[in-house]
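Undergrad: my questions are about this predicted structure, shown below with the sequence.
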Amino acid sequence: MRWQKNGPFYQLRLERGEEILTTLTEFVHCRRLKSGVLFGLGAAENLRLGYYNLKQKRYLLRRFQGEYELGSLVGNIAWVEREPVIHIHAVISNQRLTTYSGHLFAATVAATCEIAIITGGKKVQRRLEPVSGLKLLAL
């Protein structure tokens, strides 16, 4: 990964073969970022997206083999205890331009992945919210 600080935000370029969530988690940890929002695009392969079923309180996962365009990555950065949590939703498309979207669980960079992170000044935690079964932002 290559990165630079650009005024109030970071610009990152993930390299082919890097796992997106793992790379971002390491970056947040190493830079000691307290919170933030992120936006990105690029191309990835071997993706896993999920849809959260509120009644069952669990994610329904789907794998996407092969290469896909990352039309949009949107997410935020928070913490659960001492571990950063990168929460990203993705819109992906195949060569027919058929799109899919959902919570990003895994993706490996196929060509590039360009991400901008706008950092926050306060550390934001996530805490379990019993009604939904999700760890939501504790604001």
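TA: Done, it's in. Numbers count the residues shown, from 1 in each chain.

Undergrad: drop to CA atoms for contacts and neighbour counts, all remaining ones
TA: Noted.

Undergrad: quick one: the strands in the chain, in order.
TA: With DSSP state E as the definition, the chain shows strands at residue ranges 2-6, 9-14, 35-53, 58-80, 83-93, 99-120, 126-129, 134-137.

Undergrad: buried set for the longest one?
TA: Going back to what we said before, that points to strand 58-80. Under the neighbour-count criterion of 16 or more other CA atoms under 10 Å, strand 58-80 has 64, 67-79 buried.

Undergrad: got it, and the fifth one?
TA: By neighbour count with 16+ other CA under 10 Å, strand 83-93 contains the buried residues 84-93.

Undergrad: listing partners with orientation, what would you give for it?
TA: strand 58-80 (antiparallel), strand 99-120 (antiparallel) (DSSP bridges).

Undergrad: buried sites along the last one?
TA: Yep, that's strand 99-120 we're talking about. Of all the residues in strand 99-120, those buried under the rule 16+ other CA under 10 Å are 101-120.

Undergrad: ok, Glu69 to Phe39 distance?
TA: 15 Å (CA to CA, to the nearest Å).

Undergrad: about what we covered before: save the strands paired with strand 83-93 as CSV, and put in distance to Gly50 and mean pLDDT too.
TA: Putting the strands paired with strand 83-93 into CSV (distance: least, CA to CA, whole Å; pLDDT from 0 to 100) gives the following:
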stretch, distance to Gly50, mean pLDDT
strand 58-80, 4, 98
strand 99-120, 5, 98
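
Undergrad: can you tell me the centre-most residue of the chain?
TA: Centroid check for the chain by CA atoms, centre = their mean gives Ile88 as the closest residue, at 3.2 Å.

Undergrad: surely it and Ala106 touch.
TA: No: look at Ile88 against Ala106 with CA atoms under 8 Å: they stay out of range, at 10.1 Å.
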